[in-house]
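S.K.: Provided below are the primary sequence and the corresponding predicted coordinates.
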Amino acid sequence: MSNTPTTKKHIANKVAVQAEMPFALVEGQPYTQMPTDLYIPPDALEVILEAFEGPLDLLLYLIRRQNLNILDIPINEITNQYIEYINLLGEMNFELAAEYLVMAAMLAEIKSRMLLPKIEAEGEEEQDPRAELVRRLQEYERFKSAAQDIDELPREVRDYSVLSAHVESKKSFAIPPEVDMRDIIMAFKDVLARADLKISHEIEREPLSVRDKMTHLLDVIREKKFFTFESLFNVHEGRQGVVVTFLAVLELLKAQVLDITQKENYGQIYIKSLATEGEE
Amino acid sequence: METKQIKNIIEAVLLAAGEPVTIKRFKTIFAQSELTHTDIAKALESLADDFHDRGIELKEVASGFRLQTKQNLQPWITKLWEEKPKKYTRALLETIALVAYRQPVTRGEIEEVRGVAVSSYIIRTLMDRDWIRVLGYRDVPGKPAMFGTTKEFLDYFNMKSLQDLPTLAEIKDIETIMPELDLEPKPKEDAFQQQFKNENKSEEE
Amino acid sequence: METKQIKNIIEAVLLAAGEPVTIKRFKTIFAQSELTHTDIAKALESLADDFHDRGIELKEVASGFRLQTKQNLQPWITKLWEEKPKKYTRALLETIALVAYRQPVTRGEIEEVRGVAVSSYIIRTLMDRDWIRVLGYRDVPGKPAMFGTTKEFLDYFNMKSLQDLPTLAEIKDIETIMPELDLEPKPKEDAFQQQFKNENKSEEE
């Protein structure tokens, strides 16, 4: 056993009387005197604590530095070392992450289970109390080494640079779309037809109230969650209809029934229903 | 160090720097090899020769040397940043149609026939494309601009004059004249859904 | 178009783009010349060969093709900048390793393997760098976000796909070493490898 009572005492002394008893007392390099145990010079603790990525990492360190088999951890020894380390940190008033304490508890539990005589439960074969810990240690270790592998992959600036040459002008213009004359003619035909329709219906058309329109819009919204702003307007209703529809949209916006989005300047405007399922 | 190696490093440095590199800066890079100003200048010169049949060239500008793409390749390079043409909206087509047939016409008149407001974006797009122009201003309150089509508009559609535009009578018969042509406006796919599809697609890739 | 000319354009485009260029994008650039996918792939291959004795190389990464310095020249290139290349903390590397090999993975799952809490700072840094993204939300209480890696992550680490990741070490079973202990069998198929298999399968299809 490496962590003999002497060692513990040593550490305790070191911490308590650090000012009067610097390391120089032990030939300048006290930590080299205890190569196999946990002794860490107090002023190095902070650095070392930062060097560990958590309790699993610390445990791995304890196991690896003593060339122990991860699959057959001497749980008693490791637990003692671990707890000693934790105590040491505690004495240094380090704010220990809770995970370290949880691990200490887990180790203590495994240790006690190892000490207890095996109870042959009926129909249940007892599992090695260390199995879960071993699994977690291995799992952590493979990702620890995966992280090292990733660190060694060629990466920008450190191992290669992406190349570029100067370009005189990066200016580019959007290509205007192709237009077929027939499309224009058809558009004209449509607009004329609509204008005719508008004239003949003008007299019959009843004034549209904003309220009516809101009701109508709400019907539309219920059917479709997303639609274009344009699609709300019916050209046959003429200018007045457009104005009424617009006012209705504004009212609904104010009531937070609708949301309006536009992805880019001058882009298509979309209306989205804000009504949730539950409200219906 | 071999000349070949020096040139390789210079080329890589020029392309990695992202800005022009001076001979002085090259000297610090080659500090250990103790290359002189002349050595570097010679290597640069030789490198410039190597590029004569390539797509890039070495150029000395005020702040140093840089590699740049050759001017004659510019048409291909600008295609990198070209946006795909978007189709014109129905509103725009109707607007250009009304300008063509009813010129000189004001925005208000177009709106009156179409029954909806004409967005400034449409007017600007048509002006940017040089298809419409301001012919003058109507002498009524607000002095609205009167629009008409341009020569570029006629050129695009292969017409000599506005007389070549189909007459209204012809338009009414258009379906009988050209039945084989699919003149019905195609059901427009909703732009939003289209975008959605593309997004899904790229995720699948 | 001559092969030489095609290669020159490709080289210039690669150097002008400022980001990796896909073959698909090259196809639109060469749209008028009607080059096929194969034509472009061949030209790229030939271009890559031309670079064998030069300081630069053509590399295919996740988002496409790019030109980059050869690793052996990088010591010279880094002299261009005062700043030393960034080092990443182990916490960050372990987190990105877990996201890379276990995606889609939640923060809780990462914490479980690492045995410590994952700081929000690390997640934010990885998101800001565009190395990880939220793939969706797991349908369990709290709806935790599931993270996955991005093309940018692969690009940065010089990889074309997740298959280029170093192989993950295997887990040894405690049972095989100490059979007398009669342990519960624990071998779980690695989710990542499972996903890999699926991916390979779908790509072959």
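M.R.: Done, it's in.
S.K.: who are the neighbours in contact with A:Arg142?
M.R.: C:Leu168, C:Ala169, C:Glu170, C:Ile171 (Cβ atoms under 8 Å, 6 or more residues apart in numbering or on different chains). Just so you know, the C-beta spots here come from the backbone N, C-alpha and C atoms, and that holds for glycine as well.
S.K.: could you redo the last one with a cut-off of 6 Å?
M.R.: C:Leu168, C:Ala169 (Cβ atoms under 6 Å, 6 or more residues apart in numbering or on different chains).
S.K.: what about it, which SS state?
M.R.: helix (DSSP: H, G, I helix; E, B strand; the rest coil).
S.K.: got a pLDDT number for it?
M.R.: What the model reports for A:Arg142 is a pLDDT of 94.
S.K.: gap between the spatially most central residue of chain B and A:Val249?
M.R.: Against the mean C-alpha coordinate of chain B, by Cα atoms, centre = their mean, the closest residue is B:Glu82 at 5.6 Å. Distance of B:Glu82 to A:Val249, given as Cβ to Cβ, to the nearest Å: 36 Å.
S.K.: What residues of stretch A:235-253 count as buried?
M.R.: A:Val235, A:Glu237, A:Gly238, A:Gly241, A:Val242, A:Val244, A:Thr245, A:Phe246, A:Ala248, A:Val249, A:Glu251, A:Leu252 (16 or more other Cβ atoms under 10 Å in any protein chain shown).
S.K.: just those now: which is nearest B:Glu11?
M.R.: Distance ranking of these against B:Glu11, using Cβ to Cβ, places A:Val249 first at 60.4 Å.
S.K.: what sits against that closest one?
M.R.: Under the criterion of Cβ under 6 Å, 6+ apart, A:Val249 has no neighbours.
S.K.: part of a helix, is it?
M.R.: Yes - assessed by three-state DSSP, A:Val249 belongs to a helix.
S.K.: which non-adjacent residue is nearest B:Lys87?
M.R.: A:Pro177 (5.3 Å; Cβ to Cβ, 6 or more residues apart in numbering or on different chains).
S.K.: now do A:Arg239
M.R.: B:Gly115 (6.6 Å).
S.K.: Low-confidence ranges, chain A, go.
M.R.: For chain A, residues meeting the criterion pLDDT under 70 lie at A:1-50, A:92-96, A:118-126, A:170-174, A:196-216, A:218-219, A:221-223, A:254-257, A:274-280.
S.K.: Residue numbers of it in contact with chain C?
M.R.: For chain A, the residues in contact with chain C (Cβ under 6 Å from any Cβ of the partner chain) are A:53-56, A:71, A:99, A:125, A:127-128, A:131, A:134-135, A:138-140, A:142-143, A:145-147, A:149-151, A:153-165, A:167.
S.K.: Can I get the buried ones among those as something I can paste into PyMOL?
M.R.: Buried residues within these, by 16+ other Cβ under 10 Å, are selected in PyMOL with:
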select buried, chain A and resi 53+54+55+56+71+99+127+128+131+134+135+138+139+140+142+143+146+147+150+151+155+157+158+159+160+161+162+163+164+165+167
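S.K.: among the residues of chain A next to chain C, which are in helices?
M.R.: Among these, the members falling in helices (DSSP state H) are A:55-56, A:99, A:131, A:134-135, A:138-140, A:142-143, A:145-147, A:149-151.
S.K.: Give me the distance between the two termini of stretch A:150-166.
M.R.: Start-to-end span of stretch A:150-166 (Cα to Cα, to the nearest Å) is 32 Å.
S.K.: Extract the residue ranges of chain B that are flagged as low pLDDT.
M.R.: B:168-169, B:171-205.
S.K.: which parts of it sit against chain C?
M.R.: Residues of chain B lying near chain C (Cβ under 6 Å from any Cβ): B:8-9, B:11-12, B:16-17, B:29, B:54-56, B:69, B:73, B:76-77, B:79-80.
S.K.: Try it again at 8 Å.
M.R.: Residues of chain B lying near chain C by Cβ under 8 Å from any Cβ of the partner chain: B:4, B:8-9, B:11-13, B:15-17, B:21, B:25, B:28-30, B:53-56, B:67, B:69-70, B:73, B:76-77, B:79-80, B:82.
S.K.: Buried ones among those?
M.R.: Among the residues of chain B next to chain C, those scoring as buried are B:8-9, B:11-13, B:15-17, B:21, B:25, B:29-30, B:55-56, B:67, B:69-70, B:73, B:76-77, B:79-80 (criterion: 16+ other Cβ under 10 Å).
S.K.: mind listing which of these are in strands?
M.R.: B:Ile56, B:Leu67, B:Thr69 (DSSP state E).
S.K.: wait, what's in contact with A:Ile83?
M.R.: Here A:Ile83 is in contact with A:Ala104, A:Leu107, A:Ala108 (Cβ under 8 Å, 6+ apart).
S.K.: can you redo these as CSV with secondary structure and neighbour count?
M.R.: Below are the contacts of A:Ile83 laid out as CSV (DSSP: H, G, I helix; E, B strand; the rest coil; neighbours: other Cβ atoms under 10 Å in any protein chain shown):
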residue, secondary structure, neighbour count
A:Ala104, helix, 18
A:Leu107, helix, 24
A:Ala108, helix, 14
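S.K.: quick one: the strands in the chain?
M.R.: No chain specified, so I'll use chain A. Counting by DSSP E, the strands of chain A are A:226-228, A:258-262, A:269-273.
S.K.: Switch to chain B, please.
M.R.: Going by DSSP E, chain B shows strands at B:56-61, B:64-69, B:105-106, B:132-137, B:145-149.
S.K.: wait, which of these is closest to A:Lys272?
M.R.: With distances scored as Cβ to Cβ, the stretch of those nearest to A:Lys272 is strand B:132-137 (34.0 Å).
S.K.: Pull out the buried positions in that closest one.
M.R.: Buried, per 16+ other Cβ under 10 Å, within strand B:132-137: B:Ile132, B:Arg133.
S.K.: quick one: contacts of it?
M.R.: If you take Cβ under 8 Å, 6+ apart as the criterion, strand B:132-137 is touched by B:96, B:99, B:103-104, B:123, B:126-127, B:143-150, B:153.
S.K.: Same question for stretch B:38-49.
M.R.: Counting by Cβ under 8 Å, 6+ apart, B:Thr3, B:Ile6, B:Lys7, B:Ile10, B:Glu11, B:Ile23, B:Phe26, B:Lys27, B:Phe30, B:Glu57, B:Leu58, B:Phe65 sit against stretch B:38-49.
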